[in-house]
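Peer 1: Any chance you could fold what I've pasted below:
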Amino acid sequence: MIQKVKVKNVILGDGIPKICVPVMGKTDTEILKAAEEAAKSEADLVEWRADFWKNGHPTEELDGLLKNLQNILEDKPLLFTIRTKGEGGEYDGSKETYGNLLRQAAKRADLVDVEVFMPELTADLLIKEIQSEGSKVVASNHEFFKTPSKEQMVKRLMTMEELGADIAKIAVMPESEKDVLTLLDATQEMKNGKAKIPVITMSMSELGVVSRISGEFFGSALTFASLTQVSAPGQLSLKDLKKILQILHKK
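Peer 2: Below is the predicted model:
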């Protein structure tokens, strides 16, 4: 049975998938303005993609900006993410700096994204350190050029759980309709007995859009939508995604 995860007033792993929107500004002003728009929206959670932040991530400024984001978002949970170049993002610094930034962010953010398969990263220790600060961990893995086999995706999600993550996430790139079905099949297998924690899965690009709206049926606890900026290929607008999920929920 999947253990639900409560973050502020949001429960992941229960009922209709929750919707997260990204904040991707380069400057503090852009980031805070985008956060204000997200706070007023119908999104359930907000992800700050800090890999787009262009001031070099000094510790004191990171803490101050996170504090301001929390003040703006109030009851909406904040997910802190630094996506690396290897997994489709902008960050190309050292793994040591990456870990230090996540530890620092954990003091303010409600959830922290950890790329658990980063080479030479001691993921289980980093996860425990983040959780000790009171933050939940979203273990993640992104494949921007292919869709692994069903067995491989299930194995990766199970590894995330074994490492101690609160939530497991995988995003893959489809090359065919069959790839999308493979992702959904892996998701359903996790839902039907494999997983003990909520999972987030998605097949990217226009080909994989169906995976972003069908989580309630196959087992993905959260999906991503755009307000003004798209953080991954195939994202729908918040308005459209919200409407679709509400229609599908009326079984």
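Peer 1: which stretches of the stretch 101-250 of the chain form strands?
Peer 2: Listed in chain order, the strands of the stretch 101-250 of the chain (DSSP state E, counting those that start in this stretch) span 111-115, 136-143, 167-172, 199-203, 222-226, 236-237.
Peer 1: I'd like to know which of these is closest to residue 81.
Peer 2: Residue 81 lies closest to strand 111-115 among these, at 4.0 Å (CB to CB). Every C-beta, even on glycine, is put in place using the N, C-alpha and C of the backbone.
Peer 1: just how off-centre is the closest one within its chain?
Peer 2: With CA atoms, centre = their mean, to the nearest Å as the basis, strand 111-115 stands 7 Å off its chain's centre.
Peer 1: other SSEs contacting it?
Peer 2: When contacts are defined as 3 or more CB pairs under 8 Å, 6 or more residues apart in numbering; DSSP states H and E, strand 111-115 sits against strand 78-81, helix 95-105, helix 123-132, strand 136-143.
Peer 1: What residues does residue 107 make contact with?
Peer 2: 63, 66, 133, 134, 135 (CB atoms under 8 Å, 6 or more residues apart in numbering).
Peer 1: what about residue 201, distance to residue 190?
Peer 2: For residue 201, the distance to residue 190 (CB to CB, to the nearest Å) stands at 8 Å.
Peer 1: got any residues that touch both of the two?
Peer 2: With CB under 8 Å, 6+ apart as the test, residue 201 and residue 190 both reach 157, 219.
Peer 1: follow-up on the earlier one: take the strands of the stretch 101-250 of the chain and write them to TSV, including mean neighbour count, distance to residue 161 and mean pLDDT.
Peer 2: What follows is the strands of the stretch 101-250 of the chain, written out as TSV (neighbours: other CB atoms under 10 Å; distance: least, CB to CB, whole Å; pLDDT from 0 to 100):
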stretch	mean neighbour count	distance to residue 161	mean pLDDT
strand 111-115	25	13	98
strand 136-143	23	8	98
strand 167-172	26	6	98
strand 199-203	26	9	96
strand 222-226	23	16	93
strand 236-237	17	28	86
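Peer 1: can you redo the ones you listed as TSV with distance to residue 122?
Peer 2: Output for those, formatted as TSV (distance: least, CB to CB, whole Å):
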stretch	distance to residue 122
strand 111-115	11
strand 136-143	13
strand 167-172	18
strand 199-203	23
strand 222-226	26
strand 236-237	36
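Peer 1: for those strands, which one sits closest to residue 102?
Peer 2: Closest approach to residue 102 among the strands of the stretch 101-250 of the chain (CB to CB): strand 111-115, 5.3 Å.
Peer 1: Quick check: which ranges of this protein have low pLDDT?
Peer 2: Across the chain, the ranges flagged by pLDDT under 70 are 56-58, 228-234, 250-251.
Peer 1: closest one to residue 14 among the strands of the stretch 101-250 of the chain?
Peer 2: Checked against CB to CB, the stretch from these lying closest is strand 222-226, at 11.2 Å.
Peer 1: tell me what the closest one is packed against?
Peer 2: strand 18-23, strand 199-203, helix 209-213, strand 236-237, helix 238-249.
Peer 1: chain center to it: distance?
Peer 2: From the chain centre to the centre of strand 222-226 is a distance of 9 Å (CA atoms, centre = their mean).
Peer 1: Quick check: which element contains residue 72?
Peer 2: According to DSSP states H and E, residue 72 maps onto helix 59-73.
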